[in-house]
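**Q** With the sequence up front, the predicted model follows.
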Number of protein chains: 2
Amino acid sequence: MRDIARHAGVSPMTVSRALRQPSKVSEEMRRKVDAAVREFGYLPNRIAGSLSSSRSNVVGLVVPSIRNSLYASMIQAASDVLRANGLHLMIADSGHRLEDEEALVSAFLAQRVCGLILHNTVHSKRVRKLVEASGVPVIETGNLPDDPLDMAVSYSNFDAARAMTLHLARLGYRRIGFVTLPVRDNDRSEERRRGYFAALAELGRPVDDTLVLEAAGGFSEGADALVRLVNAHPDLDAGFFAGEVLAVGALFECQRRGWAVPGRIAIASFDDVDLLRHAVPSVTTLRIPRPEIGRRSAELLVRRLQGAPAERLKVDLGFEIVQRESS
Amino acid sequence: MRDIARHAGVSPMTVSRALRQPSKVSEEMRRKVDAAVREFGYLPNRIAGSLSSSRSNVVGLVVPSIRNSLYASMIQAASDVLRANGLHLMIADSGHRLEDEEALVSAFLAQRVCGLILHNTVHSKRVRKLVEASGVPVIETGNLPDDPLDMAVSYSNFDAARAMTLHLARLGYRRIGFVTLPVRDNDRSEERRRGYFAALAELGRPVDDTLVLEAAGGFSEGADALVRLVNAHPDLDAGFFAGEVLAVGALFECQRRGWAVPGRIAIASFDDVDLLRHAVPSVTTLRIPRPEIGRRSAELLVRRLQGAPAERLKVDLGFEIVQRESS
DNA sequence: CGTTTTTCTGGTATCGCTACCAGCATATGA
DNA sequence: TCATATGCTGGTAGCGATACCAGAAAAACG
């Protein structure tokens, strides 16, 4: 920058201003600076800028798994909004492990991110302390926490699972099995299971633990779970899966076995991915507004960075039942 | 850090050393520093550290689309390796636009990343200049460029598409259609198409442009393309799709229309995602070593950052044909 | 035992930028 | 007309760490 200033015949301060707040600088200076910048291909050092102004333009994001396409659509939307506001995204995955989340949060804070998005609402004590001490705005997402760290943008896993179960009952299904994703350290899975049970209770149906199976997320796990459920309960007429991969795995298994869907058994899923819409038969599911969650999260962060007052808030973006051929 | 030093009764320098190279500091000092650090919950400011040492621990990654799960498995693998080496990942997507890539690369360089991974091998002139001027190690991936910027880790799209086409021919298919992804500004798609044509030429078959359709990546685009190909060529007995979503979309369309796969028409795809393995019928495809690409890219970067000499290199990680039920 | 080497610690000077204040010109008001 | 406001520009002093060098203390050596 020193060089640019010398070659433009102005002071370094003027260069800095010309680049960041062109309006504060006269037309002539701006021209001279721009010319010098172009001539030397100067790239301002944002590290120095951040240090000096103690303001960074990087947002940290922790998701349970980068591989999962559900997070991808949220990440994409958040990324777009942030980029439009001159911010960048640092992404890491916790592998669903609380201790990894802790390490990542502290690394991000050491990196002096200007905001955090955590796709998780259950945190270790140290995470809560670190975040609080840092004063950095934080978004939690993926579930609606009772006691948010700062801001939360999500939908209710409980409500969604409950609504789908009631929906299946309303369609006339009498024996509905539920396949959950692993619930350890995962309040989202736990809430979904609770929602399912709550619906059964409301319907006055017996709560039968053997109607629920836990499965890791994978096509064969879904297939396997369905088969086990049907074997245990020959009268099972609907399967509700907590993840779209499980559901499609089950659907494929039905095709292999020649079980009519929904004639022999109905299938319902969580999350509205393209695959479910195009599968044969198309699959009934819950539309979770992933992109909106990403967008809204980013917007709230941006607003806060622009000086909006810090206030704890929970934004519930809801969900929608998408009734399709499979039920 | 000043505070920590005061409270530990040592100089700031000693604190810095105790944290970064504990071996260079006496047992006693280390204990005092650690105690103070824990007491105050001190997090070193990496921004300041980076500025001072002109060394950062952030790697920039540009993919065409964050949403695409293919990139996700590569990102995950890269992220794991980098994290194990104390590096972080800053991710952005170019939306397949060269001008966006340019903006991102310059933003990353301004951020003083210590390395770059670009999932793309066609760059604007300014990108080449910026990267060269910065001296930052770069990995290009997604294709094997003729003239790599620095290091390239990939497979050959040309070879892969050619091999699959030959494979289908060897299985006895006489009229093989090809559905390509958009080729504009995308050398990967272009290479795949070239590979398909090269195979046909080798087989002594007429090169018929009407056997090739371009489709945006989506289930319905795949379905639509297949139908159009079959309508134009009633004798079409195999469809080779440049993307797994296209292939599955086509497969679903066959199910809807009652076309036996592979009896009426065979289907082959690019990339070995779980979906293709579990679909009914399972889909013949090309296994591209995405995780290996991510891992290897990260390893090369790390090695370079540890002082390995800069040398241009191209690593071809190959591919594999996975023959399944659909062909 | 003196001297050289090794190990450890602390001071000082940046790293490249921005905040903040001071100064000068020009515009605005009475 | 002078006084006050306004707009631009430049100087100085950090931001919070590390690099580098210089001592002091301890260890190793002949």
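**A** Received the coordinates, thanks.
**Q** Run through the neighbouring helices and strands of the lowest-mean-pLDDT helix or strand in chain A.
**A** Lowest by mean pLDDT, DSSP states H and E among the helices and strands of chain A is helix A:2-8, with a mean of 91. Helices and strands touching helix A:2-8, by 3 or more C-beta pairs under 8 Å, 6 or more residues apart in numbering or on different chains; DSSP states H and E, are helix A:12-20, helix A:27-40. Where you see a C-beta, it was placed from the backbone N, CA and C, and this is true even at glycine.
**Q** Could you see whether DNA strand D lies near that helix?
**A** No. On the criterion C-beta under 7 Å from any atom of the strand, helix A:2-8 is out of touch with DNA strand D, staying 7.6 Å away.
**Q** Can you tell me what sits against that helix?
**A** Residues from elsewhere that reach helix A:2-8, judged by C-beta atoms under 8 Å, 6 or more residues apart in numbering or on different chains: A:11-12, A:14-15, A:29, A:32-33, A:35-37, A:39-40, A:42.
**Q** What count of nearby residues applies to the residue nearest to A:Glu39 when sequence neighbours are not counted?
**A** Excluding the flanking residues, the one nearest A:Glu39 by C-beta to C-beta, 6 or more residues apart in numbering or on different chains is A:His7, at 7.2 Å. When counting by other C-beta atoms under 10 Å in any protein chain shown, one arrives at 17 neighbours for A:His7.
**Q** what about A:His7, distance to chain B?
**A** Remark: distance between A:His7 and chain B (C-beta to the nearest C-beta, to the nearest Å) = 17 Å.
**Q** could you give the mean pLDDT of stretch A:199-218?
**A** In this model, stretch A:199-218 carries a mean pLDDT of 96.
**Q** measure that stretch end to end?
**A** Length of stretch A:199-218, first residue to last, C-alpha to C-alpha, to the nearest Å: 26 Å.
**Q** What residues of the strand or helix carrying A:Met164 count as buried?
**A** Element membership for A:Met164 (DSSP states H and E) is helix A:157-170. By 16 or more other C-beta atoms under 10 Å in any protein chain shown, the buried positions in helix A:157-170 come out as A:157-169.
**Q** how close does the residue nearest to A:Glu39 get to B:Gly135?
**A** Noted for A:His7: a distance of 22 Å to B:Gly135, by C-beta to C-beta, to the nearest Å.
**Q** Check A:Gly195 too.
**A** Distance, A:Gly195 to B:Gly135, using C-beta to C-beta: 55 Å.
**Q** neighbour-wise, which of the two wins?
**A** A:Gly195 (23 against 9).
**Q** for the more buried one, what are its contacts?
**A** Contacts of A:Gly195 (C-beta under 8 Å, 6+ apart): A:Asn157, A:Phe158, A:Asp159, A:Ala160, A:Ala161, A:Arg162, A:Ala163, A:Thr165.
**Q** Pull the most distant pair out of these.
**A** Greatest spacing in the contacts of A:Gly195, by C-beta to C-beta: A:Asn157 and A:Thr165 (12.5 Å).
**Q** Run through the residues that contact A:Glu19.
**A** In this structure residue A:19 is Leu, not Glu. Contacts for A:Leu19 (C-beta under 8 Å, 6+ apart) come out as A:Val33, A:Val37, A:Pro44.
**Q** which one is the second one nearest to, not counting chain neighbours?
**A** With C-beta to C-beta, 6+ apart as the criterion, A:Val37 has its nearest non-adjacent residue at 6.0 Å, and that residue is A:Ile4.
**Q** If you tally nearby residues, what's the number for the one you found?
**A** Number of residues near A:Ile4 (other C-beta under 10 Å) recorded here: 23.
**Q** The least confident helix or strand of chain A: how far from the chain's middle?
**A** Its chain's C-alpha centre and that of helix A:2-8 lie 45 Å apart, by C-alpha atoms, centre = their mean, to the nearest Å.
**Q** does it come close to DNA strand C?
**A** Yes. Shown here: helix A:2-8 in contact with DNA strand C (C-beta under 7 Å from any atom of the strand) through A:Arg2.
**Q** before we move on, what about stretch A:57-66?
**A** No. On the criterion C-beta under 7 Å from any atom of the strand, stretch A:57-66 is out of touch with DNA strand C, staying 10.6 Å away.
**Q** tell me which residues form a beta bridge with the closest residue to A:Tyr71 other than its chain neighbours?
**A** Among residues not flanking A:Tyr71 along the chain, A:Val63 sits closest, at 4.4 Å (C-beta to C-beta, 6+ apart). Using DSSP bridges, the bridge partners assigned to A:Val63 are A:Asp93.
**Q** List the contacts of A:Val63.
**A** A:Val63 makes contact with A:Tyr71, A:Ile75, A:Ile91, A:Ala92, A:Asp93, A:Ser94, A:His119 under the criterion C-beta under 8 Å, 6+ apart.
**Q** Taking those, tell me the two that lie furthest apart.
**A** A:Ile75 and A:Ser94 (14.1 Å).
**Q** more crowded one of the two?
**A** Neighbours were counted for A:Ile75 and for A:Ser94 using other C-beta under 10 Å; A:Ile75 has more, 26 against 21.
**Q** So the more buried one: helix, strand or coil?
**A** The three-state assignment at A:Ile75 reads helix, by DSSP: H, G, I helix; E, B strand; the rest coil.
**Q** so who does the closest residue to it other than its chain neighbours touch?
**A** Counting by C-beta to C-beta, 6+ apart, A:Ile75 lies nearest to B:Ile66, which is 5.4 Å off, once chain neighbours are set aside. If you count contacts by C-beta under 8 Å, 6+ apart, B:Ile66 has them with A:Ala72, A:Ile75, A:Gln76, A:Ser79, B:Ile91, B:Asp93.
**Q** distance of the closest residue to DNA strand D within the stretch 101-250 of chain A from A:Gly60?
**A** Proximity of the stretch 101-250 of chain A to DNA strand D (C-beta to the nearest atom of the strand) peaks at A:Ala110, 8.2 Å away. Distance check for A:Ala110 against A:Gly60: by C-beta to C-beta, it reads 10 Å.
**Q** Between the two, which has more neighbouring residues?
**A** When A:Ala110 and A:Gly60 are compared for neighbours, A:Gly60 comes out ahead with 26 against 18, by other C-beta under 10 Å.
**Q** what's the burial count for the residue nearest to the more buried one when sequence neighbours are not counted?
**A** Leaving out its chain neighbours, the residue that sits closest to A:Gly60 by C-beta to C-beta, 6+ apart is A:Phe108, at 3.4 Å. For A:Phe108, the neighbour count with other C-beta under 10 Å is 27.
**Q** Can I get the helix or strand hosting A:Phe108 as CSV, trimmed to CA atoms?
**A** According to DSSP H and E, A:Phe108 maps onto helix A:98-110. What follows is helix A:98-110, C-alpha atoms only, in CSV (Å, rounded to 0.1, in the frame of the first residue of the first chain):
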residue,chain,number,x,y,z
LEU,A,98,-19.6,-32.3,20.5
GLU,A,99,-15.9,-32.3,21.3
ASP,A,100,-15.1,-31.6,17.7
GLU,A,101,-17.6,-28.8,17.6
GLU,A,102,-15.8,-27.3,20.6
ALA,A,103,-12.5,-27.5,18.9
LEU,A,104,-13.9,-25.9,15.8
VAL,A,105,-15.7,-23.1,17.6
SER,A,106,-12.5,-22.2,19.5
ALA,A,107,-10.5,-22.3,16.3
PHE,A,108,-13.0,-20.1,14.6
LEU,A,109,-13.0,-17.6,17.4
ALA,A,110,-9.2,-17.6,17.4
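**Q** Give me the neighbour count for the nearest residue to A:Trp259 once chain neighbours are set aside.
**A** Distances taken as C-beta to C-beta, 6+ apart place A:Ile265 nearest to A:Trp259, at 5.9 Å, with adjacent residues excluded. A:Ile265 has 23 neighbours, counted by other C-beta under 10 Å.
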